[in-house]
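[1] Fold the following, please.
(one chain, ligands or ions: 1)
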Amino acid sequence: MQLSITRRTDLKQIPAFDSTLGFGRNFTDHMFLMEWKGEWKNPRIVPHGTLELDPAAMCFHYGQEIFEGMKVFRNAAGRIQLFRSIDNFRRMNVSAKRMVMPPMDADFLNEVLKTFVDIERKWVPDRKGYSLYIRPTMISTEAVLGVRPSEEYLFFMIACPVASFFPEQEGQLKAVKIFVSTDYVRAAPGGTGSAKTAGNYAASLSAQVQARAAGCQQVMWLDALERKYVEEVGTMNIFAVMDGKLVTSPLTGTILAGITRDSVIQISRHMEIPVEEKRFTIDELIGGIQSGTVTEVFGSGTAAIISPVNRIVFKGEEYIVGNDGVGGVSEKIYNKLLGIQYGTEVDPFDWVLEV
Ligand code: COI
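    Have a look, this model is predicted:
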């Protein structure tokens with residue numbers, strides 16, 4: 001496929017890369033689009049703008065939609081680097097399969113991303129803690145109200161410079177307080193928990209509202225069947241340091257296969273921190289926090305990277321994790337991961353791709 005490029009002439013003003021930037025509010029000058037009807041066609045980079053869709057387009061009614069999120073960094077030498085973006089495009093194909101949507105050529109999209117980022121170079125922040133966030137998305141566009149897989153799709157990719165995901169963090173590693181949801185679940189076996197699809201996020205909002213009302217920043221999700229195994233935290237994968245070992249929930253089908261989760265696991269092994277993927281219950285976690293065997297808890301995701309948890313609210317009680325701040329293991333892994341992303345540490349994993 002031949003990529004066409006239409007550059008905008010009325011370039012936008014680039015916002016200040018400071019704490020006023022927020023997350024996902026200022027979009028770059030361009031976007032990438034392509035359509036599917038039997039095959040992908042017309043791949044193009046055009047000025048960022050609105051989409052025109054029929055109100056009957058299936059995505060508005062039945063949520064056949066998938067998305068991804070990845071970050072682009074400017075390293076200490078001023079060079080721009082993608083981080084594991086090919087893995088995001090590959091994961092998007094896994095989501096596409098689950099949602100009966102057409103597969104994409106991950107290598108082609110990674111090449112498109114390089115061109116797109118090259119065009120938007122000036123939008124990549126030159127400040128640690130800041131990055132250019134990329135949002136690839138696929139929606140069903142066939143204008144039919146029948147409930148079946150759409151026969152037409154639109155893929156688009158937009159970009160925005162971002163500060164920390166949690167405004168409280170302001171580019172620093174700061175702990176957050178989380179609320180264990182006992183009323184709601186995120187994903188059930190056989191459902192769509194391992195796909196990055198809009199409905200999972202929509203369904204999580206009521207618990208998020210409850211968490212906020214309880215003075216917490218995020219929700220801790222338990223499994224849907226027994227309501228006892230810890231599965232995820234907010235939009236992130238969950239890690240706990242138990243008896244000196246890093247433990248995370250296994251990918252059982254209800255959990256998203258986080259690329260940051262995988263990076264944390266690989267970095268830990270590289271640093272000789274023992275890691276285990278195993279199920280653990282909320283009672284084990286709370287018991288361990290009380291007895292001192294659980295010393296750290298953190299979430300991992302592209303947006304927040306590492307998000308230490310210092311307090312957990314469960315059934316009306318508040319439990320303080322470890323030192324009530326940022327734990328040593330979380331900090332060590334965070335520093336290594338950020339070091340690779342910002343090019344101050346060598347990348348032994350081949351994750352970084354310079355543009
Ligand atoms: C992430 O942790 O990267 C996410 O999935 C958050 C995103 C939906 C903003």
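[2] Ends of stretch 231-247, what's the gap?
    12 Å (CA to CA, to the nearest Å).
[3] So for it, what gets flagged as buried?
    Residues of stretch 231-247 classed as buried by neighbour count (16 or more other CB atoms under 10 Å): 231-242, 246-247. Glycine gets a C-beta too; all of them are placed from N, C-alpha and C.
[4] same check, this time on stretch 148-155
    Those would be S150, E152, Y153, L154, F155, for stretch 148-155 by 16+ other CB under 10 Å.
[5] Note down every partner strand of the strand or helix carrying the last one and its orientation.
    Secondary-structure element containing F155, defined by DSSP states H and E: strand 153-162. Taking DSSP bridges as the criterion, strand 153-162 sits next to strand 30-36 (antiparallel), strand 131-140 (antiparallel) in its sheet.
[6] mind checking how far E111 is from I45?
    From E111 over to I45 the distance is 12 Å, taken as CB to CB, to the nearest Å.
[7] Tell me where the stretch 251-355 of the chain has strands.
    For the stretch 251-355 of the chain, strands defined by DSSP state E, counting those that start in this stretch occupy the ranges 275-277, 294-301, 305-314, 317-320, 352-354.
[8] Just the mean pLDDT for the strand holding F155, thanks.
    Across strand 153-162, pLDDT averages out at 98.
[9] what about the residue in the stretch 51-200 of the chain that the ligand sits nearest to, how many neighbours?
    Evaluated by CB to the nearest ligand atom, the stretch 51-200 of the chain has G69 as its residue closest to the ligand, separated by 4.7 Å. Neighbour count for G69, taken as other CB atoms under 10 Å: 19.
[10] Spatially, what comes nearest to it if we skip its sequence neighbours?
    Once flanking residues are discounted, G69 sits nearest to T302: 4.8 Å by CB to CB, 6 or more residues apart in numbering.
[11] what do you get for V176?
    Per CB to CB, 6+ apart, closest to V176 is Q217, 4.1 Å.
[12] returning to that earlier point: let me know which of the strands of the stretch 251-355 of the chain is tucked in deepest.
    Among the strands of the stretch 251-355 of the chain, strand 294-301 has the highest mean neighbour count (mean count of other CB atoms under 10 Å), at a mean of 25.
[13] what comes into contact with that one?
    For strand 294-301, the surrounding residues in contact (CB atoms under 8 Å, 6 or more residues apart in numbering) are 165, 218, 232-242, 244, 258, 260-261, 263-264, 285, 288-289, 306-309, 312, 321-322, 327-330.
[14] Run the chain-centre distance for that strand.
    Its chain's average C-alpha position is 16 Å from that of strand 294-301, according to CA atoms, centre = their mean, to the nearest Å.
[15] which residues sit in contact with M138?
    M138 sits next to E65, I66, F67, M92, A96, M101, M104, Y153, L154, F155 when contact means CB under 8 Å, 6+ apart.
[16] ditto for M99
    By CB under 8 Å, 6+ apart, M99 lies in contact with Q64, E65, I66, T192, A195, T197.
[17] Quick check: nearest residue in space to whichever residue of the chain sits closest to the ligand, chain neighbours excluded?
    Going by CB to the nearest ligand atom, the ligand is nearest to G301 of the chain, at 2.3 Å. The shortest distance from G301 to any non-neighbouring residue, by CB to CB, 6+ apart, is to M236 (3.7 Å).
[18] The ligand contacts on the stretch 251-355 of the chain?
    G301, T302, A303, A304 (CB under 6 Å from any ligand atom).
[19] and these as JSON lines, adding pLDDT?
    Converted to JSON lines, those look like this (pLDDT from 0 to 100):
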{"residue": "G301", "pLDDT": "96"}
{"residue": "T302", "pLDDT": "95"}
{"residue": "A303", "pLDDT": "91"}
{"residue": "A304", "pLDDT": "89"}
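[20] Could you work out the most separated pair of those residues?
    The widest separation within these, taken as CB to CB, falls between T302 and A304 and amounts to 8.1 Å.
[21] which residues are in contact with whichever strand or helix holds S206?
    Using DSSP H and E, S206 sits in helix 198-213. Contact with helix 198-213 is made by 63, 65-67, 178-179, 181, 183-184, 186-187, 192-193, 217-219, 221, 234-235, as judged by CB under 8 Å, 6+ apart.
[22] looking only at pLDDT, what's the mean for it?
    97.
[23] Show me which positions of it end up buried.
    The neighbour-count check on helix 198-213 (16+ other CB under 10 Å) flags A198, N200, S204, A207, Q208, Q210, A211 as buried.
[24] Let me see the confidence value for E168.
    Here, the pLDDT recorded for E168 equals 53.
[25] isn't the residue nearest to V176 right up against K174?
    No. Contact criterion CB atoms under 8 Å: Q217 and K174 do not qualify, at 10.1 Å.
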